[in-house]
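J.: sequence first, then the predicted structure:
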Amino acid sequence: MPCCGVSAVPKTSPLGTLFFAHARRGECKTAPESAEHIYCKNLIALAAKAAGWTVTTERPGATPAGEPWIADVFCEKGNARLALEVQMSPQTHGETVRRQQRYEASGVRGAWFYGPKGHKGPPAVDRKTPAFRMGSVEVGQAPVIEPFGVPLPEFVGGMLDKRLVWTVPVWNKPAHVEYLLDTCWKCNKPVKQVYGYLAELDDAEKWNWHERPFSVASISTDLAEVLRQVGNEILAAEGLNPITERTTVRGKATNWGFTNLCLHCRAPQDNFHVGLKLKKALFGLTPDPTDAGYEVWDDERRTDPPVGLAPIARTVKGSGHWVFNIEPPG
């Protein structure tokens, strides 16, 4: 036996499963495999052999650093080497990853099949460490791989036939940059002052009535996000002002230095004045000249405010997951 060197004897289970057992247990501390473990291992080995792979069960090996491993079912075909593991006893994802890394270091790919108690909750979805959960395991009845609803032998055969595919869905989901139609204070040319970024847009007719402070600091924060998400090259291509960061404004250091630059003359556009125009256009607020810093409502709010949305092409990637194709590729 590879675990302790004691002589092995061939045995046959009541249902015909062939396996080896210790001729005598002796000092070996290796836990005996359950009948369910042996049965699933046998199903996997037969499916791999039927798929044209050379199969060895309980195949020992070691990493280049000398770390030993024993694969439940070891499959070889050409230069490809694959270890298929049946895990009936509880094992954390971290331990699975650690054992998988030993295979990877040895030039062996690995895949894991958890029994109902082999993992708390569904196995982590991970391309580098393929792990799948089996439904109830009863000797004599092939377990089903969840959530695919495919029996274990068919699943293993399909996996070896490249019908198990890692898929990352991608959607075209445009974002929108908010802008204010304005005139540059320096060159007097029309500009689109950027002031916000919308990754989601549920109601295009009501977006501009969302109340915001439009302070120097809040506009700077929003502009920093636009610059991070979109970038100046795309802004300029859409006819929008680019954005810059200034560490000093009027000779004073500032933490709120993200501002628009005029698309035509590159003059900085002051966040304070952009904010005043936005508050008046959207909310009808103007400064009270008798009380600095205080704003009052007036009756000149625009019913058709000079603001707009510029759609920005964007692709969004979803979470990667495994897809099992019933039909062979091609």
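T.: That came through fine.
J.: which residue ranges of this protein form helices?
T.: Here the chain has its helices, by DSSP state H, at 35-50, 93-105, 152-160, 216-229, 232-237, 271-283.
J.: what stretches of this structure score poorly on pLDDT?
T.: Within the chain, the ranges that satisfy pLDDT under 70 run 2-5, 15, 24-32, 201-211, 288-304, 328-330.
J.: circling back: as JSON lines, the helices of the chain with mean neighbour count and distance to Gln193 would be great.
T.: Any C-beta I mention is one placed from the backbone N, CA and C, and that applies to glycine too. Listed next are the helices of the chain as JSON lines, based on neighbours: other CB atoms under 10 Å; distance: least, CB to CB, whole Å:
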{"stretch": "helix 35-50", "mean neighbour count": "21", "distance to Gln193": "64"}
{"stretch": "helix 93-105", "mean neighbour count": "16", "distance to Gln193": "49"}
{"stretch": "helix 152-160", "mean neighbour count": "22", "distance to Gln193": "55"}
{"stretch": "helix 216-229", "mean neighbour count": "18", "distance to Gln193": "9"}
{"stretch": "helix 232-237", "mean neighbour count": "15", "distance to Gln193": "11"}
{"stretch": "helix 271-283", "mean neighbour count": "19", "distance to Gln193": "5"}
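J.: so which of these gets nearest Pro60?
T.: helix 93-105 (12.0 Å; CB to CB).
J.: hmm, who's touching stretch 233-248?
T.: 177, 179, 191-194, 223-224, 226-227, 232, 253-254, 257-263, 268-269, 310, 312 (CB atoms under 8 Å, 6 or more residues apart in numbering).
J.: Provide a ChimeraX selection command restricted to the buried entries of the residues you listed.
T.: Typed into ChimeraX, the next command selects the buried ones out of the contacts of stretch 233-248 (criterion: 16 or more other CB atoms under 10 Å):
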select :177,179,191,192,193,194,223,224,226,227,254,257,258,259,260,261,262,263,269,310,312
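J.: tell me how far Glu238 lies from Leu263.
T.: Separation of Glu238 from Leu263 (CB to CB, to the nearest Å): 10 Å.
J.: actually Asn188, not the one I typed
T.: From Asn188 to Leu263 the distance is 13 Å (CB to CB).
J.: picking up where we left off before, strands - which of the contacts of stretch 233-248 land there?
T.: Of those, the ones assigned to strands by DSSP state E are 177, 179, 191-194, 253, 258-261, 268-269, 310, 312.
J.: between these, which is closest to Lys49?
T.: Nearest to Lys49 among the ones in strands among the contacts of stretch 233-248, with distances taken as CB to CB, is Ile312, at 53.7 Å.
J.: list the contacts of the closest one.
T.: Going by CB under 8 Å, 6+ apart, the list of residues near Ile312 reads 174-177, 230, 234, 238.
J.: hmm, which of those residues are the buried ones?
T.: 175-177, 230, 234.
J.: ok, so of those, who is nearest Arg133?
T.: Ala175 (36.9 Å).
J.: surely the closest one touches Gly196?
T.: No: Ala175 lies out of contact with Gly196 (CB atoms under 8 Å); the separation is 10.8 Å.
J.: burial of Leu113, as a residue count?
T.: Careful, residue 113 is Phe and not Leu. Residues lying near Phe113 (other CB atoms under 10 Å) number 28.
J.: show the contacting residues for it.
T.: 40, 44, 84-87, 131-132, 134, 145, 152.
J.: same thing but 10 Å
T.: Going by CB atoms under 10 Å, 6 or more residues apart in numbering, Phe113 touches 40-41, 43-44, 72-73, 84-88, 123, 130-134, 137, 143, 145, 152, 155-156.
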